[in-house]
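In: no sequence on this one, just coordinates:
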Ligand code: GDP
């Protein structure tokens, strides 16, 4: 929880000040709701999601006959937690207790995919799991070497081909190596060049097919990595990737670097895909499992 608080301090310090001004108004009226809307939109919660939040707050106020603006804060927290938890889809990772689990990472260049793979490899290693990385980003210059650096740092093997080779072939080899070495977890990197979106999506579909052919119930997770500092752009990226692959979860990186952490709420709400991890820094242990209550708590306290 302390990590959450520290990592989200930029968002919380800008939010707390703005919220204080809303909640210290004299009475609950339309002006107050409008000011709240501005604050939420300013925190990148998104127009649609903001309207939904404020509508729900309005009806709760009516129903519970709330009169004092100071009583709005716990109500708002409740609504945000509920929205972030969403429906029954779990934020936990869907890993096999026994046998190989395959996690596919997708996302555009620079969002923090490689870093996240390194951090997650580190966590699973610490839990005593056998981990292998597959260097499926054969396109971006230096991506393979960067993954190898993470592999060395964390102490796990990296399966790689030459730059420019077929990513599906790398992933195929990764699966064979993982099976042969009795690995528990295979983390697969992929390319994220966006200037040829159609090709990228075709490539991802091929990688997905190869994984499914080799291990029918896999990938056990397909995680889209999004940079929270890109705000509403992240939503657009999520829509593209959601069309190409069946996403099971979101990793929101660089939450430490933004004052607009409200993007998490927009993403959860507008995409109906659970946020499973958040990145709160560049170090190995700066990746936290997402927890709606801790998140909202960190924003307001
Ligand atoms: P990729 O192109 O998607 O593989 O992105 P990288 O993993 O290379 O990350 C791009 C940059 O973002 C690097 O400088 C990382 O150190 C940085 N980065 C990744 N995750 C985080 C995070 O959670 N917080 C911060 N502050 N920086 C991050």
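Out: Everything's here; your move. This is a predicted model, so every value here is computed, not measured.
In: what bits of the stretch 1-150 of the chain have low per-residue confidence?
Out: For the stretch 1-150 of the chain, applying pLDDT under 70 flags the ranges 86-90.
In: Would you map the strands across it?
Out: Taking DSSP state E, counting those that start in this stretch as the test, the strands found in the stretch 1-150 of the chain are 101-106, 131-134.
In: mind listing what the shortest one pairs with, with the direction of each?
Out: Strand pairing for strand 131-134, determined by DSSP bridges: strand 157-159 (parallel), strand 185-188 (parallel).
In: try the first one
Out: The strands that strand 101-106 pairs with in its sheet are strand 185-188 (parallel), strand 221-227 (parallel) (by DSSP bridges).
In: Report the closest residue of the protein relative to the ligand.
Out: Per CB to the nearest ligand atom, residue 279 is where the chain lies closest to the ligand, at 2.5 Å. From N, CA and C alone the C-beta is placed, and that goes for glycine too.
In: Any buried residues in stretch 10-18, and which?
Out: Neighbour-count burial for stretch 10-18, counted by 16 or more other CB atoms under 10 Å, picks out 11, 12, 14, 15, 18.
In: Those residues in helices, which ones?
Out: 11, 12, 14, 15, 18 (DSSP state H).
In: Skipping its backbone neighbours, what lies nearest the third one in space?
Out: Okay, so that is residue 14. Nearest in space to residue 14, with sequence neighbours left out and distances taken as CB to CB, 6 or more residues apart in numbering, is residue 259 at 4.2 Å.
In: Which pLDDT value goes with that neighbour?
Out: We have a pLDDT of 84 for residue 259.
In: Helix, strand or coil: sort out it for me.
Out: Classification of residue 259 using DSSP: H, G, I helix; E, B strand; the rest coil returns coil.
In: Make sure it is actually in contact with residue 16.
Out: No - between residue 259 and residue 16 there is no contact under CB atoms under 8 Å: 11.1 Å.
In: of all the residues in the stretch 101-250 of the chain, which ones are close to the ligand?
Out: Residues of the stretch 101-250 of the chain that fall close to the ligand, judged by CB under 6 Å from any ligand atom: 107, 109, 110, 111, 112, 113, 114, 115, 192.
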